[in-house]
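J.: Coordinates only, no sequence provided:
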């Protein structure tokens with residue numbers, strides 16, 4: 001079952017967003033736009049409808065998380081009996097491509113981790129064709145859409161999922177990048193994840209430094225402003241009503257609209 005909606009954190013690149021659960025699973029993402037059909041749709045169903053999990057293999061895990069100040073860069077800290085690791089999740093964009101990146105770092109001890117990626121295009125319906133490229137990257141292709149996964153972690157196919165196990169000690173680090181591009185285009189090189197993180201942090205810092213601090217506005221208000229900025233398209237400024245779709249306003253209710261559009265009413269309220 002997916003996590004409660006309040007347990008999800010939002011990351012984005014002002015062109016689309018993803019929702020990350022406290023368990024390290026990305027359960028919702030449409031590529032390349034806010035309103036694109038989801039390729040991770042476990043939020044609306046179950047893991048087999050699409051998700052990307054990176055988490056410790058141990059069952060007993062303590063979880064803490066926070067955003068990098070003034071940004072949508074999310075850091076989740078997992079503590080087990082054997083040690084601690086962090087997972088840093090963020091998104092970036094390049095011309096004609098969107099990137100979702102995850103950096104796993106060892107903090108203390110040695111921690112066994114697992115990753116499970118279930119790509120299901122068109123809201124969990126379409127199982128992509130998976131192929132390994134000469135450079136080791138994986139292609140997930142379905143019609144006009146292609147996701148390219150790059151990581152040094154050894155991955156394998158298992159029951160229409162892409163899975164892998166790895167162990168990190170203190171000071172060790174491994175990165176994952178997942179890039180959307182139209183399937184008919186020549187594959188872009190894998191992003192430099194460390195460089196991309198520095199650029200994303202710099203871009204958010206430049207914007208959030210203009211926000212008032214201290215007694216002028218609370219941290220909750222600052223975080224709300226960052227979230228609204230993440231929901232606004234970088235080029236047009238159009239702001240979507242919310243990052244989710246098809247979730248009823250109350251359990252068993254019928255009001256389950258798609259809020260990933262610029263509704264004039266909601267955009268007007270936001271401007272006010």
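T.: Perfect, I can see it now. Because the structure is a prediction, the values reported are computed rather than measured.

J.: which residues of the stretch 151-272 of the chain fall in strands?
T.: All strands of the stretch 151-272 of the chain, identified by DSSP state E, counting those that start in this stretch, fall at 156-158, 161-169, 173-182.

J.: Same question for the stretch 1-150 of the chain.
T.: 9-12, 17-20, 25-30, 38-40, 51-56, 62-67, 74-80, 83-94, 97-118, 129-132, 138-142, 145-150.

J.: So which of those is the most surrounded?
T.: Among the strands of the stretch 1-150 of the chain, ranked by average contacts under mean count of other Cβ atoms under 10 Å, first place goes to strand 38-40 (a mean of 27). Bear in mind the C-beta positions are built from the backbone N, C-alpha and C, glycine included.

J.: as a whole number, average confidence for that one?
T.: The average pLDDT within strand 38-40 is 98.

J.: same deal with stretch 105-121?
T.: Per-residue scores along stretch 105-121 average to 98.

J.: before we move on, what about stretch 148-157?
T.: For stretch 148-157, mean pLDDT is 98.

J.: Mind listing residues that contact it?
T.: Residues outside stretch 148-157 that contact it (Cβ atoms under 8 Å, 6 or more residues apart in numbering) are 115, 117, 130, 133, 136-140, 162-164, 166, 174-179, 181, 187, 190-191.

J.: Please check those residues and keep the buried ones.
T.: Among the contacts of stretch 148-157, those classed as buried by neighbour count (16 or more other Cβ atoms under 10 Å) are 115, 117, 130, 137-140, 162, 164, 166, 174-179, 181, 190-191.

J.: dump the residue contacts of residue 71.
T.: With Cβ under 8 Å, 6+ apart, residue 71 has these contacts: 90, 200, 201, 204, 205, 208, 226.

J.: do the same with residue 45
T.: 2, 124.

J.: Next, it: phi, psi?
T.: phi -160, psi -100 (degrees, to the nearest 10).

J.: Distance check, it against residue 223.
T.: As judged by Cβ to Cβ, to the nearest Å, residue 45 and residue 223 stand 29 Å apart.

J.: before we move on, what about residue 14?
T.: 16 Å.

J.: Comparing those two, which residue is more hemmed in?
T.: Neighbours per residue, other Cβ atoms under 10 Å: of residue 14 and residue 223, the larger number sits with residue 14, 18 against 14.

J.: need the contact list for that one.
T.: Applying Cβ under 8 Å, 6+ apart, the residues near residue 14 are 93, 229, 230, 232, 233, 234.

J.: 6 Å - rerun?
T.: residue 234 (Cβ atoms under 6 Å, 6 or more residues apart in numbering).

J.: How about the lowest-mean-pLDDT helix or strand in the chain, which residues are buried there?
T.: One helix or strand of the chain scores below all others by mean pLDDT, DSSP states H and E: helix 264-271, with a mean of 86. Using 16+ other Cβ under 10 Å as the test for burial, helix 264-271 gives residue 267.

J.: my guess is residue 165 meets residue 114, correct?
T.: Yes - Residue 165 lies in contact with residue 114 (Cβ atoms under 6 Å); the separation is 5.1 Å.
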